[in-house]
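fold the following.
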Amino acid sequence: MTLSDVDSAPSHVDEYTSRVSMHHTDAAGVVYIGHPVQWAQVGMENLFRAAGRPIEELGRADVHYPMVRQVINHYGALRLGDLVVVRTFVSRVGDRSFTTTTRIAGPDGGVRATVELTGVAVSRDGTKPRAGQWLRDLRSAAARHGLTADRTKEERP
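Numbering: from 1, shown residues only. Model (predicted):
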């Protein structure tokens with residue numbers, strides 16, 4: 001894969017593979033309960049970069065998006081040496097907040113864990129900004145590709 005392949009990746013979803021390493025696991029060789037959040041953060045950063053919003057620029061912008069909530073659900077064990085597929089997309093956008101969903105699949109293709117990360121728009125001048133249109137566009141693109149429901153709060157009359 002070349003850098004041009006990465007730059008031309010679809011902007012509605014980020015998908016990458018990772019192998020479960022020792023630093024991902026507990027003493028029994030099973031993925032530590034909190035580690036999927038790290039995979040989800042990488043997916044979110046990749047997705048935002050593909051959408052033209054690198055995370056390092058968002059952190060310096062007048063409106064930034066600190067994470068305020070995380071939810072991890074485990075559906076099966078991931079073990080040392082397993083190859084996993086990590087898929088991240090914007091699943092919800094509200095007035096000021098957004099949520100990304102990450103699905104982590106094991107070697108058999110079954111989803112072993114999901115992670116939801118929620119960020120909220122915060123302005124450096126103290127105002128309460130709306131979440132950016134670019135987040136709504138990412139969510140709409142994910143819906144068009146069947147990753148999330150077609151209708152969300154911002155689309156209701």
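
distance check, Gly81 against Asp26.
Distance, Gly81 to Asp26, by C-beta to C-beta, to the nearest Å: 14 Å. Any C-beta I mention is one placed from the backbone N, CA and C, and that applies to glycine too.

same thing with Gly132?
Taking C-beta to C-beta, one finds Gly132 at 38 Å from Asp26.

these two: which has the busier surroundings?
Gly132 (17 against 11; other C-beta atoms under 10 Å).

the more buried one: what's it in contact with?
By C-beta atoms under 8 Å, 6 or more residues apart in numbering, the contact set of Gly132 is Arg53, Val63, Ala121.

who wins for neighbours among those residues?
That'd be Ala121 among the contacts of Gly132, by other C-beta under 10 Å, with 20 neighbours.

distance-wise, check the nearest residue in space to Leu147 that is not next to it in sequence relative to Ala121.
Of all residues not flanking Leu147 in the chain, Phe89 sits nearest, at 4.8 Å (C-beta to C-beta, 6 or more residues apart in numbering). Remark: distance between Phe89 and Ala121 (C-beta to C-beta) = 19 Å.

for this structure, which segments count as strands?
Remark: strands assigned in the chain by DSSP state E are 14-19, 63-64, 67-74, 83-93, 97-105, 111-120, 122-123.

for this structure, give me the ranges with low pLDDT.
1-11, 149-157 (pLDDT under 70).

switch the cut-off to 80
Where the chain drops to pLDDT under 80, the residues are 1-11, 145, 147-157.

what about the longest helix in it?
Longest helix in the chain, counting residues (DSSP state H): helix 36-50.

in that one, what counts as buried?
36-37, 39-50 (16 or more other C-beta atoms under 10 Å).

tabulate these (TSV), appending distance to Tyr75.
Below are the buried residues of helix 36-50 laid out as TSV (distance: C-beta to C-beta, whole Å):
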residue	distance to Tyr75
Pro36	11
Val37	16
Trp39	15
Ala40	15
Gln41	20
Val42	20
Gly43	18
Met44	20
Glu45	24
Asn46	23
Leu47	22
Phe48	26
Arg49	28
Ala50	27
